[in-house]
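Sequence first, predicted coordinates after that:
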Amino acid sequence: MNELQRIKRALTLIDGWIGPQGVNGVAAAVWRRGELVANREAGEAFPGTPVESDTLFALASVTKPVTAAVVMTLVEEGLIALDESVVRFVPEFGSSHEATSEGVNPDLERLRRHITIRQLLAHTAGLPEDMAVGKLRYVEKNDLATMTDVMCRLPLRVAPGSEHLYSNTGFAVLGRLVERVTGNDFWTEAQERVLDPLGMTNTVARPGPYLDRRIARVTDATHTGTDIESYNSEYWRGLALPWGGLYGSASDLVRFAGSFMPGGPKLLSRAGVEIMTSDQVGGVPGGVQSMKVTWNPAHWGLGWEVKGSKRRHWTGELTSPRTFCHFGAAGTLFWADPERDVALAVFGNRATIHLWPFIPGRWSRLSNALIAAMD
């Protein structure tokens, strides 16, 4: 059996994921030595419709490396620098409107003007993961601009640079920064700077009703059955959140990951790729609060998570420490291992709150089998 046959055999593991304790549908794609070499689909995108190679999944936080790549193109054009202060481009980020409120630390708030673009990208700005309950009423269907206004002024939780705190808030600010620097809508810039150059024709923001039959329906989404249901409602899809609003196919996103690998399509310079995919947090502890995961140290690049020395990791035990990755709460994961020149995208249509990728360790088992297939 040759390597390609072994890779394809490894992907058959996803067939066993279909069912009440797993997912309704899943798609996987493998990038190897500069090209897409294998893909597999199983189950249903929604009742009566099978998952196909061009099925679009709600990417959730898999969106973040794409957003980070947009920011890095501005760096490479000389329009911004990673260690410039964010408030130079987003002045409203400079002071929290709650700086004098009870429980807010004024000493921390005085530090926010020194927060850099690099710190936002690496989640070391000291910002909270999301808006606290009560900041905005979700049922009021606020638009992205209103959400970003609030997120720009959320008070700091810790001193910038002292801890890795995974933060959607930081990527909201980055979306606004791109718009201020370019004068254009964030997703217009993303299309021109990342999606079009990489030929990602099956990756979209704000998918219209014409794509409904191609989008996998996410189960276990919040606000199920309402017109504000996460991932599935017209309102949510129209938000196009820079921290989690894209929809895309496994083949498209594994190609994006491949652009950071030897032999892949070139989007960024070698220096840009290196800085995005290597640790940028400087050995501080931290983690992802919503997942109740902490690491010491918390390895993270710019947009990409870096595996480093982490144990019990979603990319398995056999991927190298240089592996960079990201997963999304809608049930999506992609990773790339530059030491082995391989990348995997595996997208399911069930929210991770159910823990289906982790108990049992479906993502890690598949990742291990893929690495073993090449060794």
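Perfect, thanks for sending it.

Using PDB, write out the CA atom coordinates for the strand ranked longest in the chain.
In the chain, assigned by DSSP state E, the strand with the most residues is strand 35-46. The C-alpha trace of strand 35-46 is given here as PDB (Å, rounded to 0.1, in the frame of the first residue of the first chain):
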ATOM      1  CA  GLU A  35      -1.200  20.000  -3.400                       C
ATOM      2  CA  LEU A  36      -4.500  18.700  -2.300                       C
ATOM      3  CA  VAL A  37      -4.100  14.900  -2.300                       C
ATOM      4  CA  ALA A  38      -7.200  13.500  -0.600                       C
ATOM      5  CA  ASN A  39     -10.600  14.300   0.600                       C
ATOM      6  CA  ARG A  40     -13.500  12.400   2.100                       C
ATOM      7  CA  GLU A  41     -17.100  13.200   3.100                       C
ATOM      8  CA  ALA A  42     -19.500  11.400   5.300                       C
ATOM      9  CA  GLY A  43     -23.100  11.900   6.600                       C
ATOM     10  CA  GLU A  44     -25.500  14.700   5.900                       C
ATOM     11  CA  ALA A  45     -25.100  18.500   5.700                       C
ATOM     12  CA  PHE A  46     -28.800  18.700   6.800                       C
END
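
list the contacts for residue 346?
14, 26, 27, 28, 29, 250, 332, 333, 334, 363, 366 (C-beta atoms under 8 Å, 6 or more residues apart in numbering). In this view, the C-beta of every residue, glycine as well, is placed from N, C-alpha and C.

Remind me which helix or strand it belongs to.
Per DSSP states H and E: residue 346 is located in strand 342-348.

Show me what that strand pairs with in its sheet, parallel or antiparallel.
Here strand 342-348 has these sheet partners by DSSP bridges: strand 25-32 (antiparallel), strand 332-337 (antiparallel).

Figure out which of the ones you listed is closest to residue 154.
strand 332-337 (25.9 Å; C-beta to C-beta).

so residue 297 sits in a helix?
No. Residue 297 is assigned coil when assessed by DSSP: H, G, I helix; E, B strand; the rest coil, not a helix.

Counting neighbours, what do you get for the closest residue to it other than its chain neighbours?
Leaving aside its chain neighbours, residue 297 sits nearest to residue 283 (4.5 Å; criterion: C-beta to C-beta, 6 or more residues apart in numbering). Counted with other C-beta atoms under 10 Å, the neighbours of residue 283 add up to 10.

helix, strand or coil for residue 283?
On the basis of three-state DSSP, residue 283 is classed as coil.

Now do the helices in this protein.
3-11, 63-76, 106-109, 117-121, 144-151, 168-182, 186-190, 234-239, 250-258, 270-277, 362-374 (DSSP state H).

Compile those helices into JSON lines and extend it with columns for mean pLDDT.
What follows is those, written out as JSON lines (pLDDT from 0 to 100):
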{"stretch": "helix 3-11", "mean pLDDT": "98"}
{"stretch": "helix 63-76", "mean pLDDT": "98"}
{"stretch": "helix 106-109", "mean pLDDT": "92"}
{"stretch": "helix 117-121", "mean pLDDT": "98"}
{"stretch": "helix 144-151", "mean pLDDT": "95"}
{"stretch": "helix 168-182", "mean pLDDT": "98"}
{"stretch": "helix 186-190", "mean pLDDT": "98"}
{"stretch": "helix 234-239", "mean pLDDT": "96"}
{"stretch": "helix 250-258", "mean pLDDT": "98"}
{"stretch": "helix 270-277", "mean pLDDT": "98"}
{"stretch": "helix 362-374", "mean pLDDT": "97"}
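
Taking the centroid of the chain, which residue is nearest it?
Residue closest to the mean C-alpha point of the chain, counted by C-alpha atoms, centre = their mean, is residue 62 at 2.5 Å.
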